[in-house]
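Student: Any chance you could fold what I've pasted below:
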Amino acid sequence: MAILQGVLSTSNGADRYNGSKSAMEACGLKIVAAQPADWDRAKGQSITETILAGNPNLKGVYGSNDNLALGAVEAFKGGN
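Tutor: As a prediction, the model looks like this:
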């Protein structure tokens, strides 16, 4: 799993990251990357592409908001 973070200097950004990380670890999921993408869809896509290049067997990405999740989807689709 990977986590696309929002802005960690904001309380909602930090809370979403900490909560998702705790929940995934509690379920036994391995987090291979956690990167800030500043709530930006294009950054979410770019960062996910980089994470996928280093982790081709990645099973999932948690996007801390809709924009980040949509960017991750585009990366999994190959940018199409």
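Student: Poorly predicted segments of this protein, please.
Tutor: 79-80 (pLDDT under 70).
Student: Regarding it, what is its longest helix?
Tutor: Counting residues, the longest helix found in the chain (DSSP state H) is helix 11-26.
Student: Centre of the chain to the next helix or strand after that one, how far?
Tutor: The helix or strand immediately downstream of helix 11-26 is strand 33-36, counting by DSSP states H and E. Remark: strand 33-36 is offset 6 Å from the chain centroid, using C-alpha atoms, centre = their mean, to the nearest Å.
Student: so what strands line up beside strand 33-36?
Tutor: Based on DSSP bridges, the pairing partners of strand 33-36 within the sheet are strand 2-5 (parallel).
Student: and Pro36, how many neighbours?
Tutor: For Pro36, the neighbour count with other C-beta atoms under 10 Å is 19. All C-beta atoms are positioned from the backbone trio N, CA, C, and that covers glycine.
Student: What of Leu58?
Tutor: Leu58: 18 neighbours (other C-beta under 10 Å).
Student: Report the separation between it and Val7.
Tutor: 23 Å (C-beta to C-beta, to the nearest Å).
Student: What of Gly78?
Tutor: Distance from Gly78 to Val7, by C-beta to C-beta: 28 Å.
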